[in-house]
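Novice: heads up, no residue letters with this:
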């Protein structure tokens with residue numbers, strides 16, 4: 001029987017240069033991800049944003065990215081490029097060089113904690129996507145063909161508008177490349193499985 005307990009996270013994997021190892025919950029004791037180090041880096045990055053007094057829109061403008069991507073960078077969900085790093089340092093002077101290096105050199109674990117779905121704003125967005133999912137699929141198929149919207153070659157922007165009764169309304173734009181499903185023509189398969 002496997003028992004959950006505490007394990008010591010590796011100090012050199014996805015770490016931010018801390019010399020001591022961190023204790024993490026043992027849900028995945030084999031993982032190479034130091035989730036505590038990432039969480040600590042995220043808190044420092046958000047603190048640097050707060051110290052700079054900038055909104056995500058303002059940060060995005062300084063970086064030349066969408067506001068959602070700016071948030072993803074600080075939250076450890078996107079990889080910082082070498083070209084954007086100096087702009088991030090200029091925009092958030094309190095962010096450490098150590099954290100900038102970690103954000104550039106470590107690959108993000110693009111995932112989420114299931115607990116986030118209990119947060120009403122996140123849950124309501126998830127609910128809207130699932131509720132309208134079949135209709136979204138039908139319209140994508142009708143307009144583009146048999147395929148899907150990429151979430152890799154993808155832009156996400158969050159904004160607001162004013163409704164006709166003067167109320168503030170949220171506008172979320174997904175802009176993803178259309179990826180058609182292919183017919184799996186045997187002659188085009190350059191990596192056929194062996195037949196022994």
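Specialist: Structure's in. What do you need? Note that the coordinates shown come from a computational prediction; the quantities given were computed from them, not determined experimentally.
Novice: Strands of this structure, start to end?
Specialist: Along the chain, the segments classed as strands by DSSP state E run 6-8, 23-25, 147-162, 168-180.
Novice: What pLDDT does the model give the residue nearest the centre of the chain?
Specialist: Among the residues of the chain, the smallest C-alpha distance to the mean C-alpha position (Cα atoms, centre = their mean) belongs to residue 77, namely 3.2 Å. pLDDT recorded at residue 77 is 94.
Novice: pretty sure it contacts residue 110?
Specialist: Yes - using Cβ atoms under 8 Å as the test, residue 77 is close enough to residue 110 to be in contact (5.7 Å). For glycine as for every other residue, the C-beta is placed from the backbone atoms N, C-alpha and C.
Novice: could you pull out the helices for the chain?
Specialist: 35-52, 56-63, 67-74, 85-91, 97-105, 120-144 (DSSP state H).
Novice: just so I know, which of those helices lies nearest residue 153?
Specialist: When the helices of the chain are ranked by distance to residue 153, counting by Cβ to Cβ, first place goes to helix 67-74 at 13.0 Å.
Novice: what about residue 67, how many neighbours?
Specialist: Residues near residue 67, counting by other Cβ atoms under 10 Å, number 19.
Novice: Actually, residue 85.
Specialist: When neighbours are defined as other Cβ under 10 Å, residue 85 has 18 of them.
Novice: contacting residues for it?
Specialist: The contact partners of residue 85, taken as Cβ atoms under 8 Å, 6 or more residues apart in numbering, are 100, 103-104.
Novice: residue ranges with poor pLDDT in the chain?
Specialist: Along the chain, the model assigns pLDDT under 70 to residues 1-31.
Novice: where's residue 98 relative to residue 44, distance?
Specialist: Remark: distance between residue 98 and residue 44 (Cβ to Cβ, to the nearest Å) = 9 Å.
Novice: who has more neighbours, those two?
Specialist: Counted by other Cβ under 10 Å, residue 98 and residue 44 do not tie: residue 44 has more neighbours, with 17 against 14.
Novice: wait, isn't that one in contact with residue 97?
Specialist: No - between residue 44 and residue 97 there is no contact, the gap being 12.0 Å when judged by Cβ under 8 Å.
Novice: Next, show the common contact partners of these two.
Specialist: The contact sets of residue 44 and residue 97 do not overlap (Cβ under 8 Å, 6+ apart).
Novice: before we move on, the earlier item: turn the strands of the chain into JSON lines, columns for distance to residue 186 and mean neighbour count.
Specialist: Formatted as JSON lines, these follow (distance: least, Cβ to Cβ, whole Å; neighbours: other Cβ atoms under 10 Å):
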{"stretch": "strand 6-8", "distance to residue 186": "47", "mean neighbour count": "13"}
{"stretch": "strand 23-25", "distance to residue 186": "47", "mean neighbour count": "14"}
{"stretch": "strand 147-162", "distance to residue 186": "21", "mean neighbour count": "12"}
{"stretch": "strand 168-180", "distance to residue 186": "19", "mean neighbour count": "12"}
